[in-house]
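# need the 3D shape of this:
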Amino acid sequence: MSAQKPDEAEQPKTGSLPIVASFGSQSSGSESTDQASAVALNPTPSPASAAERNLSPQNHGASESQAPRPAGAYLGLNGRVVEQASASVSVMDHGLMYGMGLFETFRTYGGQPFLLNRHLERMARGAQELGIAYTLDPAALRAEIAALLAANNLSDGYVRLTLTAGEGELGLPAGLYEQPCRIVYVKAVPESPASWYTHGRTLQVLRTRRNTPEGVERLKSLHYMNGILGRRELGGIPGAAGAEGLMLTREGFVAEGIVSNVFFAAGGKLYTPSVDTGILPGITRAFVMELAERVGIPIEQGHYSLEQLEQANEIFLTGSVQEIVPVRLLRQPDGTERIIGEDGPGPITAALMREYRHSTTETEN
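Residues are numbered from 1 along each chain as shown. This next block holds a predicted model:
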C-alpha cells in the first residue's frame with residue numbers, strides 16, 4: 001500500500017501498470033493509474049452452452065480455457081483492469097484504518113455472474129448504512145468481470161467485489177464517504193471434493209461463538225475477525241480436516257457456518273436460523289428458500305438448539321461458491337460424532353441441489 005496522495009504520486013512509466021480496459025470508473029482518491037498504457041483485449045469470452053457445461057459435483061472446480069497466470073494476474077481497480085502485482089490503495093483508506101467497507105463473493109457460470117443483482121442490492125444496503133457513496137453500474141461491472149476472466153485466462157471464476165470507504169483523515173469521521181475505492185478480484189473456482197456432494201461433508205461445532213452484529217443486521221463487511229478466529233480454531237481441531245465450522249450464538253442457538261448458512265430437515269419440513277439470530281442474510285440462503293417454496297417444501301425460520309440440529313434427518317450448507325453441500329457428520333467440540341441421514345444427500349437436499357443447478361444453467365443468470 002502506498003502513502004502517497006494521487007496528486008503527489010509519481011506517474012507510472014509506460015507499461016508498468018497496464019490498464020487492460022476501463023469500465024464505469026468510480027472516482028477514488030486512492031488510485032494513480034490514469035496515465036498507464038492501454039492494452040487491447042476482447043472482454044467477452046464466448047459462453048458455453050448448457051450442454052457443454054458439466055455441473056455435476058465431480059466438476060465443481062474452475063472451467064478454464066488455459067492455466068491462470070500466476071505472476072501476471074489481473075484485478076479490477078476503480079473500473080480499470082490492472083496487474084495485481086502493481087495495484088495499490090492508500091494507507092489512509094478507512095477500509096484499512098477502521099474496517100469501513102463491504103464485499104461480495106460470487107461465481108460465474110458460462111461467463112455470467114450468478115445472482116449478481118441480488119449481491120449488488122445487498123452491497124447497496126450496506127453502503128447506505130455505513131455512509132459510503134454507492135454508484136456501481138451493473139452493466140459496467142459485468143463487462144469488467146468478463147474482461148478480468150479473459151485477462152486471467154479463465155472462462156469461469158470466483159469473484160470478490162470489494163468496496164472500501166476510501167481516503168480519510170486519521171480520526172473517526174463525522175460525514176459520509178464520497179470517494180470509495182472499488183476492487184474486483186477474480187480467480188479460478190476452488191475445486192471442492194466430489195465426495196462432499198455425493199456423500200456429505202463434516203460439520204464441526206466450534207467453541208468460538210458468532211459475534212453479534214454492530215448494526216441492525218449483519219453486513220458482509222471488512223470486519224472479519226470473528227470468522228478468522230473460527231477458522232483458526234477449526235484448523236487446530238484433530239480430525240476436523242476438510243470440515244466446515246458451525247458457530248452458535250452467545251445464547252447457544254445454531255447460527256451459521258464460518259462461510260456458509262445452515263439448513264436442516266425434519267419430518268418433511270425445512271428449517272434455517274432466522275436473521276435475528278445475528279447471521280448473515282446470505283444471497284444463496286434466500287435463493288434456496290425460494291427454490292424450496294417453488295417445489296412445495298415447507299420452510300420455517302427461527303431459533304434452534306443444537307439438540308434440534310442433532311435430531312435432523314438432513315443438514316446442508318449453502319454458499320455462493322460451493323452451492324448446496326450436504327452434511328454427513330455432525331461433530332461436537334469434544335469429538336463426539338453423529339451421523340446424519342443415509343449415505344448421500346437426503347431427498348429434500350437432493351431436490352434442492354437439482355433445482356439450484358438447473359437455475360445456474362438455464363434461468364437465473
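
# just the pLDDT for Thr361.
pLDDT recorded at Thr361 is 87.

# hang on, isn't it packed against Tyr109?
Yes - between Thr361 and Tyr109 a contact is recorded at 6.7 Å, counting by C-beta atoms under 8 Å. Using the backbone N, CA and C atoms, a C-beta is placed for each residue, glycine as well.

# looking at those two, which one has more neighbours?
Tyr109 (21 against 16; other C-beta atoms under 10 Å).

# how about the residue nearest to the more buried one when sequence neighbours are not counted, secondary structure?
If the residues on either side of it in the chain are set aside, Tyr109 comes closest to Thr360, at 4.5 Å by C-beta to C-beta, 6 or more residues apart in numbering. Here Thr360 is recorded as helix under DSSP: H, G, I helix; E, B strand; the rest coil.

# tally of neighbours for Thr360?
20.

# and what of Glu217?
14.

# same deal with Glu251?
Neighbour tally, Glu251, other C-beta under 10 Å: 11.

# what about it, which SS state?
coil.

# about what we covered before: the residue nearest to Tyr109 against Gln112, yeah?
No - Thr360 lies out of contact with Gln112 (C-beta under 8 Å); the separation is 9.4 Å.

# so where's the stretch 1-150 of the chain uncertain?
Along the stretch 1-150 of the chain, the parts satisfying pLDDT under 70 run over 1-72.

# now Thr108: closest residue in space, sequence neighbours ignored.
Asp156 is the one closest to Thr108 (C-beta to C-beta, 6+ apart), at 4.8 Å.

# just to revisit the earlier point, if I look at the residue nearest to Tyr109, how far off is Phe114?
Distance, Thr360 to Phe114, by C-beta to C-beta, to the nearest Å: 6 Å.

# how about Ala124?
18 Å.

# the two: which is more packed in?
Phe114 (23 against 16).

# Tyr197 versus that one, what's the distance?
From Phe114 to Tyr197 the distance is 17 Å (C-beta to C-beta).

# then Phe287?
From Phe287 to Tyr197 the distance is 18 Å (C-beta to C-beta).

# of the two, which one has the most company?
Tyr197 (22 against 19).

# can you tell me the SS state at the more buried one?
Quick answer, by three-state DSSP: Tyr197 is helix.

# does it touch Pro345 like I think?
Yes - the criterion here is C-beta under 8 Å, and Tyr197 meets it with Pro345 at 7.5 Å.

# what residues are shared contacts of these two?
Here Tyr197 and Pro345 share the contacting residues Pro326, Met353, scored by C-beta atoms under 8 Å, 6 or more residues apart in numbering.

# name the SS class of the residue nearest to Pro238 when sequence neighbours are not counted, please.
What sits nearest to Pro238 in space, not counting adjacent residues and going by C-beta to C-beta, 6+ apart, is Gly335, at 8.0 Å. For Gly335, the assignment made with three-state DSSP gives coil.

# how far away is Val159 from Leu115?
12 Å.
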